[in-house]
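K.L.:
what's the 3D shape of this:
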Amino acid sequence: MADTSLPTLEMLWEACDPHDALAERFGLQDAGSAARWVATVLDDHWGVRVDACERIVISDHNALAWVATPSGDRLAKWSVVPERFARLTQVARLTHWLHREGLPVSAPVRSLDGDLQVEVDDVTMSLQDVVDGELLDVDDPQQVRAAGAVLARLHLALATYPDADRAVAPAAPPAPVATRVSDWLGSLRDHVPAAARTILRRLVDDAPADRLPTQLVHGDFRSSNVICRGRDVAAVIDLEEVRLDHCVVEVARSAVMLGTRYRNWGPVSAEVRATFLAGYETVRPLTPAEAGWWDTLVLWHAWALVPPGEDPTGWGRSAHDQLEDLARAR
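P.N.:
Model (predicted):
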């Protein structure tokens, strides 16, 4: 590695010391030793020379390293959780397949042995090209609309993925939506007002019969996982949470959480949610059954994000506004 300067070391979302996390979770004593280890693995298994390791970010027991190479900037991602190794291999295969299908994803680079995910030194690692762009800006209606359309394209592709069973094995199909919402209502604490519970129960009772199809969905589609360049979506990243669910459940959850990144999560406006859905429906219109569940699912996800204590970013106010809008509409 030509550049011996130390990479920036940081936590993605946790409020703890990244140097302690690096040593305790990954067995790497400092940023310099981590950079040298990454460079060695990339050279040995991908034949990639690292000119500089610029940044290392830690998320739980996973880490990401941005490296400069003669062929451009690349991103090495690794995990030290053995229970996730097989799943991450399946996610890499799925991401590679989506790339071949023309979806805007950050595809893994094959190793010298042809692998998309490599196990070495009790870790599993993948390598990707760095995608230029910025995280989705929910104040830009064109980006929001483009994000909705890309999620629809992703859903259509995921519905045809030939190895869906392997991608989520051994996960069971989700419970019916009515059961999920009802179970959540039954577990609530007092911070959700009686009026919200009452309307949600009525909405569940009035919703269409729950025969929504189940398929693979992204699992975590929001600003932190959508990279935009200008008006367009350059890449949808981090498919590690891919799972079986109903498309409309993911669309509603994503509409509510669209503006969330890593810290200080906050809600988006009704206009942003509507623009996102409109973009989605330019590619995949909701079925009548899905449309019949829309208000219920948006309200459910909105209240599910209201914290029981302090609410500095206004999730409670946003959920109350949705409740009032629904009450007026009814």
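K.L.:
kindly confirm my reading that T89 is in a helix.
P.N.:
Yes - counting by DSSP: H, G, I helix; E, B strand; the rest coil, T89 is part of a helix.
K.L.:
setting aside sequence neighbours, what's the nearest residue to it?
P.N.:
Using CB to CB, 6 or more residues apart in numbering and skipping residues adjacent in sequence, the residue nearest T89 is Q117, 4.4 Å away. Heads up, the C-betas are built off the backbone N, CA and C, glycines and all.
K.L.:
repeat for T8
P.N.:
Leaving out its chain neighbours, the residue that sits closest to T8 by CB to CB, 6+ apart is R55, at 4.6 Å.
K.L.:
I'd assumed I199 was in contact with T296.
P.N.:
No - under the criterion of CB atoms under 8 Å, T296 makes no contact with I199, lying 9.2 Å away.
K.L.:
out of the two, which sits in the busier spot?
P.N.:
Neighbours around T296 and I199, counted as other CB atoms under 10 Å, are more numerous at T296. The numbers are 24 against 20.
K.L.:
three-state assignment of that one?
P.N.:
Recorded secondary structure, T296: helix (three-state DSSP).
K.L.:
in contact with the residue nearest to T89: list those residues for me.
P.N.:
Listed by CB atoms under 8 Å, 6 or more residues apart in numbering, the contact set of Q117 reads 85, 88-89, 92, 108, 124-126.
K.L.:
measure L12 to D132 for me?
P.N.:
Per CB to CB, to the nearest Å, L12 is found 20 Å from D132.
K.L.:
comparing those two, which residue is more hemmed in?
P.N.:
A count of neighbours by other CB under 10 Å puts L12 above the other of L12 and D132, at 16 against 11.
K.L.:
and the strands in the stretch 151-300 of the chain, which stretches?
P.N.:
Ranges of strands within the stretch 151-300 of the chain are 215-217, 226-229, 232-236, 243-245, based on DSSP state E, counting those that start in this stretch.
K.L.:
for D44, which of those is the nearest?
P.N.:
Closest of these to D44 is strand 232-236, at 27.2 Å (criterion: CB to CB).
K.L.:
re the thing from before, check the residue nearest to T89 and give its pLDDT.
P.N.:
pLDDT for Q117: 98.
K.L.:
so which strand or helix has P307?
P.N.:
For P307, there is no host helix or strand (DSSP states H and E).
K.L.:
I figured it was touching T313, is that so?
P.N.:
No - with contacts counted by CB under 8 Å, P307 stays clear of T313, the gap being 9.1 Å.
K.L.:
higher neighbour count, those two?
P.N.:
Using other CB under 10 Å as the criterion, P307 and T313 rank with T313 on top: 17 against 12.
K.L.:
what's the span of stretch 56-68, first residue to last?
P.N.:
Start-to-end span of stretch 56-68 (CA to CA, to the nearest Å) is 13 Å.
K.L.:
same question for that stretch, mean pLDDT?
P.N.:
For stretch 56-68, the mean pLDDT works out to 97.
K.L.:
and for stretch 240-254?
P.N.:
97.
K.L.:
switch to numbering from 80
P.N.:
Got it, the first residue is 80 from now on, which makes the last one we talked about stretch 319-333.
K.L.:
tell me how far it is from the chain's mean position?
P.N.:
On the basis of CA atoms, centre = their mean, to the nearest Å, stretch 319-333 sits 10 Å off its chain's mean C-alpha point.
K.L.:
what do you get for stretch 216-233?
P.N.:
Centroid separation between stretch 216-233 and its chain, computed with CA atoms, centre = their mean, is 14 Å.
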